[in-house]
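J.: Just to be clear, the model below is a prediction. Sequence and coordinates:
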Amino acid sequence: MRIEAITRRKIVVELSPEDMATLDITYEALDYASVDTRRVIWVILDRVRECTGCDIDPSGQLLIDAMPRPTGGCILFFTLRGAIAEPFGPTEPPEGDPCQPERALRKQEQLLAVFEFPDLDALLDCAGAYTRALRGGEERLFTRSELYGQRERYRLLVCPAREPAAVRRFFSEYAWPCGEDAFAAHHTREHWLRVGESFESLGLRPPAGLPRKRAATAFAPGNVYAAIDN
């Protein structure tokens, strides 16, 4: 069991297949309405308390996001929405969605691989190569993607549709692999700015009159693109 305290309100717990077997739970069976799931949450939060000192009350306002690991097991993101007990009194809880239940467990599709492009040219070249591969009859490498930017660099999050090694081989010609787990994806979502379009839409070049270095601002819904022919 791997535990990481991102903040006092956000804890990440990674469970291996062996951890899941020890806890006698499966990812498919995770459901906060289930007594077995609540038992597992109590056990995990006891371990979190021992390792980090963060005392999270599972009967309080708690949101849990669950994602499957590619090699089995799962990753749980705990977000505390209630007040935290402090030496000089409890902190005020952050504002939340009043429509959300006090305790909830949500399952999300995992984005397994993260790649970082050094600049916009590398990103567009990769997008063009991928578009040509699809037109040539190659199978899709991923089922969905998220694109993020920071200054002149870009990060792509993908959920592979083929063996991770095949996905890594393709993207590594244009980008640096940053990880193949939810930790790298979560860090990117926290610290990078989301770009409006998906990676596949980057296989369409902006009109010729738009300089490539300004093209990042054009990747937003509603803009017009011209297909790559070369």
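T.: Here it is on my side, so go on.

J.: so where's this structure uncertain?
T.: 58, 70-71, 82-102, 109-112, 181-182, 196-198, 200-230 (pLDDT under 70).

J.: okay, now the domains of it?
T.: According to automatic domain parsing, the chain comprises the domains 2-107, 113-227.

J.: As a markdown table, those with mean neighbour count would be great.
T.: No exception for glycine: its C-beta is placed from N, CA and C like everyone else's. Listed next are those as a markdown table, based on neighbours: other CB atoms under 10 Å:
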| stretch | mean neighbour count |
| --- | --- |
| domain 2-107 | 15 |
| domain 113-227 | 16 |
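
J.: Quick check: the residue nearest the centre of the chain vs Trp192, distance?
T.: Nearest to the mean C-alpha position of the chain, counting by CA atoms, centre = their mean, stands Ala185 at 3.7 Å. Applying CB to CB, to the nearest Å, the value for Ala185 to Trp192 is 11 Å.

J.: go on, Thr37?
T.: Taking CB to CB, one finds Thr37 at 32 Å from Trp192.

J.: Check Gly179 too.
T.: 14 Å.

J.: Can you list the residue ranges for strands in the chain?
T.: Along the chain, counting by DSSP state E, strands occupy 2-5, 10-15, 62-68, 74-80, 103-107, 113-117, 142-150, 153-160, 176-179, 193-194, 204-205, 226-227.

J.: what's across from Gly5 in the sheet?
T.: Wrong residue type there; residue 5 is Ala, not Gly. Ile11 (DSSP bridges).

J.: ok, now which ones touch it?
T.: The neighbours of Ala5, taking CB atoms under 8 Å, 6 or more residues apart in numbering as the test, are Ile11, Val48, Thr52, Cys54.

J.: which of those residues sit farthest apart?
T.: Ile11 and Thr52 (7.1 Å; CB to CB).

J.: shared neighbours of those two, which are they?
T.: Common neighbours of Ile11 and Thr52 (CB under 8 Å, 6+ apart) are Ile3, Ala5.

J.: for this structure, which helix is longest?
T.: helix 35-52 (DSSP state H).

J.: What are the contacting residues of it?
T.: By CB under 8 Å, 6+ apart, helix 35-52 touches 1, 3, 5, 11, 13, 15, 23-25, 29-32, 54-56, 58, 64, 76, 78, 105.

J.: try stretch 151-158
T.: 111-120, 123, 141-142, 144-149, 167, 171, 175, 178, 185, 188-189, 192, 195, 199, 216.
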